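Student: I'll drop the sequence and a predicted model, then ask my questions.
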Amino acid sequence: MSNDSVITEEMRNMIGLETGRVMYDVDKTMLRGIAEAIDDTNPRWLEEAAPGFIISAMVTGGGGGLPESLFPLKRMVAGGGDWDFFHPVKIGDVITCTSKFTDIYERQGKAGTLLFLVTETIVTNRTGEIAAKGKSILINY
Amino acid sequence: MEKKLYYEDVEVDSDIPSLVKNPTKRQLVRWAVASGDLNELHYDKDHAVKLGFPDVILHGRLKAAFLGQLMTEWIGDGGRLKKLACNYRGNDFPDDEIICKGRIINKYVQGSDHMVECEIWTEDKKGNKTTPGTAIVVLPSKTQM
């Protein structure tokens, strides 16, 4: 087994790169779609975003815009995530989700090298207040 | 009337009420569309098999969303989910029951916030913790009434 790093200087230099910026008008259809997909029947989630809305890939996915050169290995899997909820997102809110590539590291696993790619997304509302943050880890192996 | 959960009601080392989920393939398609994650691994079995999986698997984020529901159902409208984190450690498949569970590991006051920290996870029918994580909630306190 080789212990050579798969992380190049060029990959490391991409830390800080903006990988996505998307804006949503939060409406009832969007919130209902999420609540129905989770199968959470609390009527609260037709007016206010359920945690699952913030968790969803369209809001805090962020990794979609990572350049292919950051994935030198064959396969990709989502490793996990964490989310901070600061202010409720409600119907009528306009939110902006800005994602950045923030970290890269590797570990040796049973299947060989595991490359971890971290993206972080900040969700702001119309007044510029941070409503939520999300961090996602993708594993290339 | 629903009973409001207060900080004083919560004891470290006690369990939070479990949430049973029975996700179907239809539900995975709904989540794919609603959440914007159209990776075929979650609805196209041929694609999943090609990648070495026996069937399509649940989205990690859907399981994280289930854990979000676990927390919000427990704390009710009086509490606030502050943080949720989890790892997508094991695969779960449609038509297999998963149970969302949690245990209180710490409680403390920070400023005026009464915080409760929980260990949370999804458990498959074999008892494997497939999505282990943590959550922090803020609860109302009887001292603030």
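Tutor: Cool, the structure landed. Numbers count the residues shown, from 1 in each chain, chains lettered A, B, ... in the order given.
Student: Would it be right to say that B:Glu73 lies in a helix?
Tutor: Yes. Assessed by DSSP: H, G, I helix; E, B strand; the rest coil, B:Glu73 belongs to a helix.
Student: ok, it - contacts?
Tutor: Listed by Cβ atoms under 8 Å, 6 or more residues apart in numbering or on different chains, the contact partners of B:Glu73 are A:Asn42, B:Pro17, B:Leu19. Yep, even glycine has a C-beta here, placed from its N, CA and C like the rest.
Student: which residues of chain B score low on pLDDT?
Tutor: Within chain B, the set of residues satisfying pLDDT under 70 comprises B:1-2.
Student: how about the residues of chain B near chain A?
Tutor: B:21, B:23, B:27, B:30-31, B:33-37, B:51, B:59-62, B:64-66, B:68-69, B:71-73, B:77, B:80-89, B:133 (Cβ under 8 Å from any Cβ of the partner chain).
Student: Which ones among those lie within strands?
Tutor: B:Lys21, B:Arg80, B:Leu81, B:Lys82, B:Lys83, B:Leu84, B:Ala85, B:Cys86, B:Asn87, B:Gly133 (DSSP state E).
Student: Now render those residues as JSON lines, adding neighbour count.
Tutor: Output for these, formatted as JSON lines (neighbours: other Cβ atoms under 10 Å in any protein chain shown):
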{"residue": "B:Lys21", "neighbour count": "21"}
{"residue": "B:Arg80", "neighbour count": "18"}
{"residue": "B:Leu81", "neighbour count": "23"}
{"residue": "B:Lys82", "neighbour count": "18"}
{"residue": "B:Lys83", "neighbour count": "19"}
{"residue": "B:Leu84", "neighbour count": "27"}
{"residue": "B:Ala85", "neighbour count": "18"}
{"residue": "B:Cys86", "neighbour count": "26"}
{"residue": "B:Asn87", "neighbour count": "19"}
{"residue": "B:Gly133", "neighbour count": "24"}
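Student: Of these, which is the nearest to B:Gln110?
Tutor: Set against B:Gln110, the nearest of these by Cβ to Cβ is B:Lys82 (10.1 Å).
Student: any idea how far B:Asn106 is from the closest residue to the closest one other than its chain neighbours?
Tutor: In space, and not counting its chain neighbours, B:Lys82 is closest to B:Ile136: 4.7 Å by Cβ to Cβ, 6 or more residues apart in numbering or on different chains. Distance of B:Ile136 to B:Asn106, given as Cβ to Cβ, to the nearest Å: 9 Å.
Student: same deal with A:Leu66?
Tutor: Distance from A:Leu66 to B:Asn106, by Cβ to Cβ: 35 Å.
Student: more neighbours, these two?
Tutor: Applying other Cβ atoms under 10 Å in any protein chain shown to A:Leu66 and B:Asn106 shows that A:Leu66 carries more neighbours, namely 20 against 13.
Student: which residues touch the nearest residue to that one once chain neighbours are set aside?
Tutor: Leaving aside its sequence neighbours, A:Leu66 sits nearest to A:Thr19 (Cβ to Cβ, 6+ apart; 5.4 Å). Going by Cβ under 8 Å, 6+ apart, A:Thr19 touches A:Gly62, A:Gly63, A:Gly64, A:Gly65, A:Leu66, A:Ser99, A:Lys100, A:Phe101, A:Thr119.
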